[in-house]
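K.L.:
build me a structure from this.
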Amino acid sequence: MFRIEYPYLDMKKIADSGQIFRFNVYDDEFSLVAGDKLLFIKEDKNGYILSCSEKEFNEFWLDYFDLRLDYGDFEKNIPETDIFLKDAAKYSYGIRILNQDKWEMLISFIISQRKSIPAIKSSIEKLAKVYGKKIDMKIPEFIKNIDADTEFYTFPTPKEFANADIEALNACSLGYRSPYIEASAKAVYRKDIDLNAIDSLDDEELLKALMSLKGVGIKVANCVALFGYHRIAAFPIDVWIKRMIDEHYDGEFPLELYKGYAGVIQQYIFYYGRESAKHSSN
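P.N.:
Now for the predicted structure:
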């Protein structure tokens, strides 16, 4: 058990920010699966209590949550006249861009096409249960809101996916995405593309390499670059972002103001726009 307190860190907002699908919220408690690791988190008035040791936190979770980066600088170029983005940044205080697994992000965002976040999460959990490995870890005593019988599974590896057939993938509610996932799994498993090696490419070349995979267009490639490769200059445009740009910027967002970190700004816009829509419909 290890306690942390950092500025610009809000676990609930991160879990709901659309960049991660295996980070679940139970009031003031959380479960998070990343690779073969399972983390439980409890929020209290002094920060967060984590189920990991200080050693594991320093070796893995510190960078996973991007806690070495000062997010206080990312609002400095927002013009005073841009009330919408000022409000979005303030509302989204605490969101960080996680350092997630490249392979998991590739498959997750292929799945994400034309799916709601709950539907994406459901499909991913089905895949993990069928093809992943059960994580043998007891829920710690300080976690009260998660059922003790809840099971957690690792995200399947390319090898585990490569032997999957279309029917089994379809059973995980993947629809037309099943052939894309099958093709990407085989391409990665056969080393037709090396997801780690392409990390050495510049942003433009990285996007091209990702788009060489079946079912990966510019939006998915930008999401994988941002959330899997931590290319925070990437600016994925989905239906929410397009709607916000059309409503508040007459269809032309001033990306040049946020060169090098537009992806952080994108998260503020996405989270604020989606949350505002939720509240306005209630």
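K.L.:
got the CA coordinates for the longest helix seen in the chain in PDB?
P.N.:
Among the elements of the chain assigned as helix by DSSP state H, the one spanning the most residues is helix 262-281. Only the C-alpha atoms of helix 262-281 are listed here, as PDB (Å, rounded to 0.1, in the frame of the first residue of the first chain):
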ATOM      1  CA  ALA A 262      -2.200  19.500 -28.900                       C
ATOM      2  CA  GLY A 263      -3.200  16.100 -27.700                       C
ATOM      3  CA  VAL A 264      -3.500  17.400 -24.100                       C
ATOM      4  CA  ILE A 265      -5.800  20.200 -25.400                       C
ATOM      5  CA  GLN A 266      -7.800  17.600 -27.300                       C
ATOM      6  CA  GLN A 267      -8.400  15.700 -24.100                       C
ATOM      7  CA  TYR A 268      -9.700  18.800 -22.400                       C
ATOM      8  CA  ILE A 269     -12.100  19.500 -25.300                       C
ATOM      9  CA  PHE A 270     -13.300  15.900 -25.500                       C
ATOM     10  CA  TYR A 271     -13.900  15.500 -21.800                       C
ATOM     11  CA  TYR A 272     -15.600  18.900 -21.300                       C
ATOM     12  CA  GLY A 273     -17.700  18.600 -24.500                       C
ATOM     13  CA  ARG A 274     -18.900  15.100 -23.600                       C
ATOM     14  CA  GLU A 275     -19.600  15.900 -20.000                       C
ATOM     15  CA  SER A 276     -21.400  19.200 -20.900                       C
ATOM     16  CA  ALA A 277     -23.600  17.200 -23.300                       C
ATOM     17  CA  LYS A 278     -24.500  14.700 -20.600                       C
ATOM     18  CA  HIS A 279     -25.600  17.400 -18.200                       C
ATOM     19  CA  SER A 280     -27.600  19.300 -20.800                       C
ATOM     20  CA  SER A 281     -29.600  16.200 -21.600                       C
END
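K.L.:
pLDDT (mean, whole number) over that helix?
P.N.:
Looking at helix 262-281 alone, the average pLDDT works out to 87.
K.L.:
repeat that for stretch 9-25.
P.N.:
With pLDDT averaged residue by residue, stretch 9-25 scores 97.
K.L.:
list the buried ones in it?
P.N.:
Of the residues in stretch 9-25, those buried by neighbour count under the rule 16 or more other C-beta atoms under 10 Å are 9-11, 13-25. The C-beta positions use only the backbone N, C-alpha and C, and glycine is treated the same way.
K.L.:
give me the subset of those residues lying in helices.
P.N.:
Using DSSP H, the members of those that fall in helices are 11, 13-15.
K.L.:
can you put the residues you listed in a markdown table and add distance to Y153?
P.N.:
As requested, those are arranged in a markdown table below (distance: C-beta to C-beta, whole Å):
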| residue | distance to Y153 |
| --- | --- |
| M11 | 21 |
| K13 | 25 |
| I14 | 21 |
| A15 | 18 |
